[in-house]
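# sequence first, then the predicted structure, then my questions.
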Amino acid sequence: MTELLAPDPAGIARAAALLRAGELVAFGTETVYGLGARAADGEAVARIYEAKERPQFNPLICHYSSTEAAFRDVVANDAARTLAARFWPGPLTLVLPRREDCPVSLLAGAGLPTLAVRVPSATAAHALLQSVGEAVAAPSANRSGKISPTRAEHVMAELGGRIAAILDSGPCLVGVESTVLDLAGPPTLLRHGGVTREAIEATIGPVAEATTPAAAPRSPGQLASHYAPRLPVRLDATSVRADEALLAFGKPLAGAGAVFQLSLRRDLLEAASRLFEGLRALDAEGAVRGLCGIAAMPIPATGLGAAINDRLARAAAPR
Ligand code: AMP
Ligand code: MG
């Protein structure tokens, strides 16, 4: 059963409590309805992909109640501070380097060293984020491949029964997604949205536009900068050598030079929440121990397994 909550103090308190407990809650922003999860909780974030049936781990936008809170998780620069002062709260998302001590799960950022952050202006969303008191990761609250929802009824129709609650704050005012601007390098527009390019350029000067297919914002998995381990990855391993690191799923194969367990009990939610951490850990350990590759044990292609296998296949593709 999905609870439909009113945007009053009781409804907001209930929504915040569910989020803090690792549940999924959809909430209205000025752009579209977002499907929120506690960003620091990898399993809660994995539930987003499960509920949306997203076949890929795309990076999600982290939502905050204030600029100050957002800039505690990422390294802001002058352009970011200027744009935040001018457009936040509002429909602008900034991509910036994660801070070393950023508590947001690697899964929320799809393993990237950067994080997309935003401070929404919608009253109920703001109250909710303030009540949660930490980052809420949220993509649009629709099933993968469907249109972004701008009313609670849309969310209920697609995700009802799969998520804990919907905070019904009425129709979204802007109705288009947030503008996504990458400020981790030279300012680059990754997605057009609620704040126009002209308005951004009037504030910080010229911005480039991501035009190549490789940089298309809808397929961040193809970005060259997308996290891939340095070590070559071997898929569906049924045996492992001493000079390989093992990405284990269930009872580990014997004889590996290093092991990272995704989920001993073969739980796909747990495995998804630990995937990027595992690839990073094995890469680092492999470098220290002079290992020459990562052997990944087979993972079922059902449910979240599709997105896990998609990421592993990309990591294994020749570069
Ligand atoms: P959605 O959450 O469905 O509104 O989509 C989020 C958008 O932000 C997608 O276009 C993502 O590719 C983009 N995005 C999120 N995080 C990053 C990041 N770290 N680097 C580049 N693009 C990002
Ligand atoms: Mg979407």
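Nice, thanks for sending it over. Numbers count the residues shown, from 1 in each chain. Ligands and ions are numbered 1, 2, ... in the order given.

# what's the strand or helix carrying E270 packed up against?
Using DSSP states H and E, E270 maps to helix 268-289. When contacts are defined as 3 or more CB pairs under 8 Å, 6 or more residues apart in numbering; DSSP states H and E, helix 268-289 sits against helix 42-52, strand 244-249, strand 258-263, strand 293-296, helix 305-316. C-beta coordinates here come from the backbone N, C-alpha and C atoms, glycine included.

# let's have the ones you listed in JSON lines, adding mean pLDDT and distance to ligand 1.
Listed next are these as JSON lines, based on pLDDT from 0 to 100; distance: least, CB to the nearest ligand atom, whole Å:
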{"stretch": "helix 42-52", "mean pLDDT": "98", "distance to ligand 1": "9"}
{"stretch": "strand 244-249", "mean pLDDT": "98", "distance to ligand 1": "23"}
{"stretch": "strand 258-263", "mean pLDDT": "98", "distance to ligand 1": "23"}
{"stretch": "strand 293-296", "mean pLDDT": "97", "distance to ligand 1": "23"}
{"stretch": "helix 305-316", "mean pLDDT": "93", "distance to ligand 1": "14"}
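
# redo these as JSON lines? Include mean neighbour count.
Compiled in JSON lines, the helices and strands packed on helix 268-289 are given as follows (neighbours: other CB atoms under 10 Å):
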{"stretch": "helix 42-52", "mean neighbour count": "23"}
{"stretch": "strand 244-249", "mean neighbour count": "26"}
{"stretch": "strand 258-263", "mean neighbour count": "19"}
{"stretch": "strand 293-296", "mean neighbour count": "26"}
{"stretch": "helix 305-316", "mean neighbour count": "19"}
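
# so which of those gets nearest E158?
E158 sits nearest to helix 42-52 of all the helices and strands packed on helix 268-289, at 8.9 Å, using CB to CB.

# from the contact counts, what lies against the closest one?
Looks like helix 42-52 contacts strand 33-38, helix 268-289 (3+ CB pairs under 8 Å, 6+ apart).

# turn the ones you listed into JSON lines, columns for mean neighbour count and mean pLDDT.
Listed next are the helices and strands packed on helix 42-52 as JSON lines, based on neighbours: other CB atoms under 10 Å; pLDDT from 0 to 100:
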{"stretch": "strand 33-38", "mean neighbour count": "30", "mean pLDDT": "98"}
{"stretch": "helix 268-289", "mean neighbour count": "20", "mean pLDDT": "96"}
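
# the closest residue to S66 other than its chain neighbours: neighbouring residues, count only.
Leaving aside its chain neighbours, S66 sits nearest to V119 (6.3 Å; criterion: CB to CB, 6 or more residues apart in numbering). Under the neighbour criterion other CB atoms under 10 Å, V119 is assigned a count of 24.

# what's near enough to touch the residue nearest to L264 when sequence neighbours are not counted?
Excluding its sequence neighbours, the residue lying closest to L264 (CB to CB, 6+ apart) is G250, at 6.6 Å. G250 makes contact with 263-266, 297 under the criterion CB atoms under 8 Å, 6 or more residues apart in numbering.

# near ligand 1, which residues of the chain?
58-61, 95, 109, 112, 114-116, 139-140, 177, 180, 182, 190-191, 217-218, 220 (CB under 6 Å from any ligand atom).

# can I get the buried part of those residues as one PyMOL selection?
The following PyMOL line selects those of these that are buried, judged by 16 or more other CB atoms under 10 Å:
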select buried, resi 58+59+60+61+95+109+112+114+115+116+139+140+177+180+182+190+191+217+220
